[in-house]
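Asks: Build the 3D model from these lines:
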Amino acid sequence: MKEEIFNSLKIAMKNYNSEDATALAMKSIEEKINPLETVNTLTESIAEIGNRFERGELFLPDLMMAAKTMRSAIVPLEEDIKNKGLKRETVGKVVIGTVFGDLHDIGKGMVATMLNANGFEVVDIGVNVDSKKFLEAIKKYNPDVLAMSSLLTTTAPEQERVIKALKDDGSRDKVKIMIGGGSITEDFAEKIGADGYEPTAPLAVKLAKRLIDK
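Replies: Below you'll find the model as predicted:
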């Protein structure tokens, strides 16, 4: 039964079928399958989709639909993991949010999903997040990495304001900072003192791993 569910789950992920993926996740819980194993099946599937995206075999809409499918399926599994007192092994913790004045969630959501799929504990603090809230989140969650997104050119300077706030507070050296979004470039990242920038969700995962290994 377990292999049958896992194989069907892989097919649902491949077809970006959120409804089937969620139903299969629920069925795995009903069958008392270890939720960590089911999550691993999901993460392997989305990792392969990410690899195909990097190779140019898939495109941004594919990545978006895959992320949506995984988010739908993983919700009941994470609840089951919590109820059973289990714990996923993590490679690091990331606080992620979209900066103040910017309500765009899709890019941030994809990065958060891909980070989660690759073993990171992700704390998503949402959109329209000002420097005070970022600072509070860093103090509360003590992450290895802070990830900030900005789609708009008008909100990109908010990333610099957050970095300045961290410097003023004495917290800058306690966390690595990666930034991204449609309005961001490598030059801008260097200019404002971020530790790194990548333009896509799969590359953002690799960047987060590099920053933690430093």
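
Asks: how close does G126 get to A137?
Replies: Distance, G126 to A137, using Cβ to Cβ, to the nearest Å: 10 Å. From N, CA and C alone the C-beta is placed, and that goes for glycine too.

Asks: An error on my part: the question was meant for V205.
Replies: V205 is 20 Å from A137, by Cβ to Cβ.

Asks: if you count what's nearby, which of these two comes out ahead?
Replies: Using other Cβ atoms under 10 Å as the criterion, V205 and A137 rank with V205 on top: 22 against 19.

Asks: Is the more buried one in a helix, a strand, or coil?
Replies: helix (DSSP: H, G, I helix; E, B strand; the rest coil).

Asks: repeat for A147
Replies: From three-state DSSP, the assignment for A147 is strand.

Asks: give the contact list for it.
Replies: A147 makes contact with 94-97, 108, 111, 115, 177-180, 204, 208, according to Cβ atoms under 8 Å, 6 or more residues apart in numbering.

Asks: where do the helices sit along this structure?
Replies: Applying DSSP state H to the chain gives helices spanning 2-14, 18-30, 35-54, 60-83, 106-117, 131-141, 157-169, 186-192, 201-213.

Asks: and M178, how many residues sit next to it?
Replies: 23.

Asks: I'd like the distance between it and G196.
Replies: 5 Å.

Asks: what residues are shared contacts of the two?
Replies: Joint contacts of M178 and G196 (Cβ under 8 Å, 6+ apart) are 207, 211.

Asks: before we move on, back to that, could you identify which of the helices of the chain is most buried?
Replies: Across the helices of the chain, the average number of neighbours (mean count of other Cβ atoms under 10 Å) peaks for helix 106-117, which reaches a mean of 24.

Asks: Which neighbouring elements make contact with it?
Replies: Helices and strands touching helix 106-117, by 3 or more Cβ pairs under 8 Å, 6 or more residues apart in numbering; DSSP states H and E, are helix 35-54, helix 60-83, strand 92-98, strand 120-124, strand 145-149, helix 201-213.
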